[in-house]
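# Could you work out the structure for the sequence below:
(one chain, ligands or ions: 2)
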Amino acid sequence: MEAAVASTGSRLCCSPNPIAKQQRRRSARVGFVSRPQPRGVCCKRSPHPDARGYAPAVAKGGDAGSAGVERKRLAVFVSGGGSNFRAIHEAALSGVVIGDVVALVTDKPGDRDAFSLQLFGFARWGFDVVEWIDAGCGGAEHARDNGIPVVVFPKSKSAPEGISADELLNALRELRVDFILLAGYLKLIPIELVQTYPKSILNIHPSLLPAFGGKGYYGLKVHKAVIASGARYSGPTVHFVDEHYDTGRTLAQRVVPVLPNDTPEQLATRVLHEEHQVYVEAVAALCEDRIVWREDGVPLIKSQTNPNEYT
Ligand SMILES: Nc1nc2c(c(=O)[nH]1)N[C@@H](CN(C=O)c1ccc(C(=O)N[C@@H](CCC(=O)O)C(=O)O)cc1)CN2
Ligand SMILES: NCC(=O)N[C@@H]1O[C@H](COP(=O)([O-])[O-])[C@@H](O)[C@H]1O
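Ligands and ions are numbered 1, 2, ... in the order given. Down below sits the predicted model:
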């Protein structure tokens, strides 16, 4: 669908690419054993009695959001504390985001030393669920506490239970994931995933890209570089993901001041506060199909209230 935006005269088209989605749906019939849990997926027995194997309780608004928009299925990728993941999950549960988080993907399922494997009488009762009680990455912990499947990707020495890129693609197809949201995930997303989910993978980065982005720029390293540069402003960037670190199209940004005596931790806290808001706004727009692509390839967010207003 295309529409002209009077102010710029550019032509716009909507995303995501429906053809790719159709392809994904066709391939969704590709078999994927969901019982017993696929390798690399570990679920805590959900505290929610009505929670199914992988679909957490649907937020209010039932199967379709109040606006009649089909609820989108989201996979969030995390490596650390997971505060952006929690902000997105809470927005989905409250109805701000017309979507459901159906998987948490992490390269850091937990510090294996902190793991205490709890076998609840499996030999006697034949249960096949293993409960991991761990002090793992904050995102994985929140996911387990909320009955969201945790998928470990990629496989590594510290996460031998991890799965391959192909297995991850199968898991995402089986879970009928529409969008992938990177939220403090520190590994390069492989090109197979980028190509399977065109215009459907977002990332949040804690600087005003293209400044202070790319390999080596993550976490406090970003804020240290910003302060050392003498920049007077910083802020988060939400962007679409391509095959390289932080070079995808910018979708949204927020600006915060860099104060003369800022420590990296103080700047990180100021930026993170804005991240939680701008990422939720961007994900809400993505789930409501309010992302439009300008003729020059720049994605814009159509206002929820004024269809002629874009940011
Ligand atoms: N294909 C893509 N994958 C990822 C992107 C992306 O834009 N395209 N964004 C990153 C997130 N990110 C910045 O926003 C980022 C994360 C990590 C690194 C980095 O240098 N990582 C180190 C490894 C760190 C670790 O394992 O602890 C490295 O690769 O050497 C840079 C930017 C997520 N993936
Ligand atoms: N380059 C990637 C990067 O540095 N991402 C950053 O990691 C933090 C994760 O926090 P969270 O786990 O609390 O959401 C966030 O500040 C995010 O922008």
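# The residue in the stretch 101-250 of the chain that ligand 2 sits nearest to: how many residues sit nearby?
Proximity to ligand 2, evaluated over the stretch 101-250 of the chain using C-beta to the nearest ligand atom, is greatest for residue 184 at 2.6 Å. Bear in mind the C-beta positions are built from the backbone N, C-alpha and C, glycine included. The tally of other residues near residue 184 (other C-beta atoms under 10 Å) stands at 26.
# Shouldn't it be within a helix?
No: going by DSSP: H, G, I helix; E, B strand; the rest coil, the assignment for residue 184 is coil, not a helix.
# quick one: the nearest residue to it once chain neighbours are set aside from residue 179, how far?
Among residues not flanking residue 184 along the chain, residue 80 sits closest, at 4.6 Å (C-beta to C-beta, 6 or more residues apart in numbering). Look at residue 80 and residue 179: by C-beta to C-beta, to the nearest Å, they are 21 Å apart.
# surely residue 101 meets residue 92?
Yes: between residue 101 and residue 92 there is a contact under C-beta atoms under 8 Å: 5.7 Å.
# Overlap of the contact sets of these two?
Residues touching both residue 101 and residue 92 by C-beta atoms under 8 Å, 6 or more residues apart in numbering: residue 74.
# thinking again about what came up before, you'd agree the residue nearest to residue 184 is in a helix?
No: going by three-state DSSP, the assignment for residue 80 is coil, not a helix.
# related to what we said a few turns ago, wait, doesn't the residue of the stretch 101-250 of the chain closest to ligand 2 sit right on residue 76?
No: Residue 184 is beyond contact range of residue 76, at 9.7 Å (criterion: C-beta under 8 Å).
# intersection of neighbour lists for these two?
Listed contacts common to residue 184 and residue 76 are 85, 139; contacts here mean C-beta under 8 Å, 6+ apart.
# Which residue comes closest to the residue most central in space within the chain once chain neighbours are left out?
Most central in the chain under C-alpha atoms, centre = their mean is residue 181, positioned 1.9 Å from the mean C-alpha point. Residue nearest to residue 181 in three dimensions, not counting chain neighbours: residue 76, with 4.8 Å by C-beta to C-beta, 6+ apart.
# Let me know the helix or strand that that neighbour is in.
strand 72-78 (DSSP states H and E).
# got the residues of the stretch 151-300 of the chain near ligand 2?
Counting by C-beta under 6 Å from any ligand atom, the stretch 151-300 of the chain comes close to ligand 2 at 183, 184, 204, 205, 206, 217, 218, 219, 222, 272, 275.
# Which members of those occur in strands, if any?
Secondary structure defined by DSSP state E assigns 204, 205 of those to strands.
# Now which of the residues of the stretch 151-300 of the chain next to ligand 2 would you call buried?
Neighbour counting by 16 or more other C-beta atoms under 10 Å classes 183, 184, 204, 205, 206, 217, 218, 222, 272, 275 among these as buried.
# which among the residues you listed are in contact with ligand 1?
The subset of those within reach of ligand 1, by C-beta under 6 Å from any ligand atom, is 205, 217, 218.
# can I get those residues in TSV with distance to residue 84?
TSV is the format used below for those (distance: C-beta to C-beta, whole Å):
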residue	distance to residue 84
205	11
217	17
218	13
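# does ligand 1 sit close to stretch 84-94?
No: judged by C-beta under 6 Å from any ligand atom, stretch 84-94 makes no contact with ligand 1; its nearest approach is 11.1 Å.
# surely residue 180 meets residue 201?
Yes: using C-beta under 8 Å, residue 180 is in contact with residue 201, at 4.4 Å.
# intersection of neighbour lists for the two?
189, 193, 241.
# Same list as before, these that is, but in TSV and with secondary structure, neighbour count and pLDDT included.
Below are these laid out as TSV (DSSP: H, G, I helix; E, B strand; the rest coil; neighbours: other C-beta atoms under 10 Å; pLDDT from 0 to 100):
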residue	secondary structure	neighbour count	pLDDT
189	coil	23	98
193	helix	20	98
241	coil	25	98
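# about what we covered before: got the contact list for the residue of the stretch 101-250 of the chain closest to ligand 2?
With contact set as C-beta under 8 Å, 6+ apart, residue 184 has these partners: 78, 79, 80, 81, 82, 83, 84, 85, 139, 204, 219.
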